[in-house]
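*Asks:* what shape does this take:
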Amino acid sequence: MMTTYGHLSQVLNDDLNNLKNVEGHFPFKATEYYLSLIDWSDPSDPLRRIVIPSQGELAPWGVADPSREHRYTVLPGLEHKYPTTALLLVSDTCASICRYCFRKRIFQREVKEKISDLDAVMAYLRSHQEITNVLLTGGDPLCLPTKRLAEILRRLREIDHVGIIRIGSKTPAFNPHRILEDPDFSSMLSRFSTPWKRIYLSVHFDHPRELTSVSVAALDLMIRSGAILVNQTPLIRGVNDSVAVLEQLFRQLSFIGVAPYYLFQCRPTMANLPYSVPIEEGYALFSEAVGRVSGLAKRVRFVLSHASGKLEMVGMDDASIHFRYHRSADTENTGRFLKFRRNPEALWMDDYEEWKFEESYVQDSSHLGPE
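*Replies:* Take a look at the predicted model:
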């Protein structure tokens, strides 16, 4: 069940008018389940920070599309940035709206970016046999009716060269009951996640407190239905910008069979300034947290989705910070290293003054798995 500010008046009190002012620019939406997890006696509660608007969002900073996704849009709702991967915007809604959302432009009424012609999208995918990975995103695909999502999965499974279907979703954190109370959902996963072609769920847990008994039950149901689960989260100021929180999150995820996959640098999307952590501070936190966990939890990578490609932060010394193109829009750069002069204030790649390729070589990146 969704809620509006009317449900929150008793706990927000004097803040209500200010928050309504923010909502006039950037919409608010949350499930009652998720709001029930918030410690309302703590103004700095991290789960509160994830969904409750902040006045800081009105600071004039950021752009609508910092990763320049429009450059790679070949049809409405279809992006083709990397040769082997296509991204489908199948939904323009979410169970709740993260305040730091990377694609908050899709919640603006005048923006129509989700798929409008599924037949045309499928024809494009069939004609590009280099595409082996398809990522369903939005918005949140699990906000679609199961019947609609099943139709999309069925049609993708009819394309032989598509080996991996990934679904990005924060519904298991925001509304796990949607998964647990819909028997058709688990049977759909069982049908389309096959021994030779698995369905991957890229779930989105930002903080250990989101891993409740109910959400873990939803994750377990998806695992038992044949899906492979990985987790991705952005690094968010006031939510998970501490070694202890990241350590606990990575460890708990690995315990329940959800591989920590990506820690994302927060994109400089409009209204995201209060949620952004400088890259170098983030790398220091990430490195120490990963050093404290063992085994499968160490698979997580700290990455940045730049317009030029996905870059992994791989090292830092007193004078410089080093990145590697995990995947580049220019295929010749995939695997290359970049070296920047340190800038402790940098929040995005474009904040660095000097771009410099390391010695020209491209390592074999075939072990990196799905980008």
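
*Asks:* need the phi and psi values for Val239.
*Replies:* phi -120, psi -60 (degrees, to the nearest 10).

*Asks:* check contacts around it.
*Replies:* Residues in contact with Val239 (CB atoms under 8 Å, 6 or more residues apart in numbering) are Pro46, Arg49, Ile50, Asp206, His207, Val245, Tyr275. Every residue, glycine included, has its C-beta placed from N, CA and C.

*Asks:* from the residues you listed, which land in helices?
*Replies:* Pro46, Arg49, Ile50, Val245 (DSSP state H).

*Asks:* name the nearest residue to the first one, ignoring sequence neighbours.
*Replies:* In other words, Pro46. Counting by CB to CB, 6 or more residues apart in numbering, Val239 is the residue found nearest to Pro46 once chain neighbours are left out, at 4.5 Å.

*Asks:* do the second one as well
*Replies:* Excluding its sequence neighbours, the residue lying closest to Arg49 (CB to CB, 6+ apart) is Gly238, at 4.8 Å.

*Asks:* on that earlier part again, which one of the ones in helices among the contacts of Val239 sits closest to Ala259?
*Replies:* Each of these was scored against Ala259 by CB to CB, and Val245 proved nearest at 18.3 Å.

*Asks:* dump the residue contacts of the closest one.
*Replies:* Taking CB under 8 Å, 6+ apart, we find Val245 in contact with Pro46, His207, Pro208, Val239.

*Asks:* if I look at it, how far off is Gly238?
*Replies:* 10 Å (CB to CB, to the nearest Å).

*Asks:* between those two, what contacts are shared?
*Replies:* Contact criterion CB under 8 Å, 6+ apart; residues shared by Val245 and Gly238: Pro46.

*Asks:* follow-up on the earlier one: could you dump the contacts of Val239 into a markdown table with distance to Ala259 added?
*Replies:* Shown next, in a markdown table, are these (distance: CB to CB, whole Å):
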| residue | distance to Ala259 |
| --- | --- |
| Pro46 | 22 |
| Arg49 | 26 |
| Ile50 | 22 |
| Asp206 | 16 |
| His207 | 18 |
| Val245 | 18 |
| Tyr275 | 25 |
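
*Asks:* what ranges do the helices span in the stretch 201-350 of the chain?
*Replies:* For the stretch 201-350 of the chain, the helices defined by DSSP state H, counting those that start in this stretch cover 213-224, 243-255, 279-292.

*Asks:* packing partners for the longest one?
*Replies:* The criterion is 3 or more CB pairs under 8 Å, 6 or more residues apart in numbering; DSSP states H and E, and the helices and strands that helix 279-292 contacts are helix 243-255, strand 301-306, strand 309-316, strand 320-328.

*Asks:* looking at these, which is nearest to Ser187?
*Replies:* Among the helices and strands packed on helix 279-292, the nearest to Ser187 by CB to CB is helix 243-255 (25.6 Å).

*Asks:* how far off strand 301-306 does the closest one point, in degrees?
*Replies:* Interaxial angle of helix 243-255 relative to strand 301-306 (axes from the mean of the first three to the mean of the last three CA atoms, to 10 degrees): 100 degrees.

*Asks:* hmm, back to that, now, the most widely separated pair of the contacts of Val239?
*Replies:* The most widely separated members of the contacts of Val239, counting by CB to CB, are Val245 and Tyr275 (14.6 Å).

*Asks:* how many other residues sit next to Arg342?
*Replies:* Other residues near Arg342 number 14, with proximity taken as other CB atoms under 10 Å.

*Asks:* how about Pro83?
*Replies:* With other CB under 10 Å as criterion, Pro83 counts 14.

*Asks:* ok, it to Arg327 distance?
*Replies:* Applying CB to CB, the value for Pro83 to Arg327 is 9 Å.

*Asks:* check Trp40 too.
*Replies:* In terms of CB to CB, Trp40 sits 42 Å off from Arg327.

*Asks:* comparing those two, which residue is more hemmed in?
*Replies:* The residue with more neighbours, out of Trp40 and Arg327, is Arg327; 23 against 14, by other CB under 10 Å.

*Asks:* not counting its neighbours along the chain, what's nearest Leu84?
*Replies:* Quick fix: residue 84 is Thr, not Leu. Leaving aside its sequence neighbours, Thr84 sits nearest to Thr132 (CB to CB, 6+ apart; 4.9 Å).
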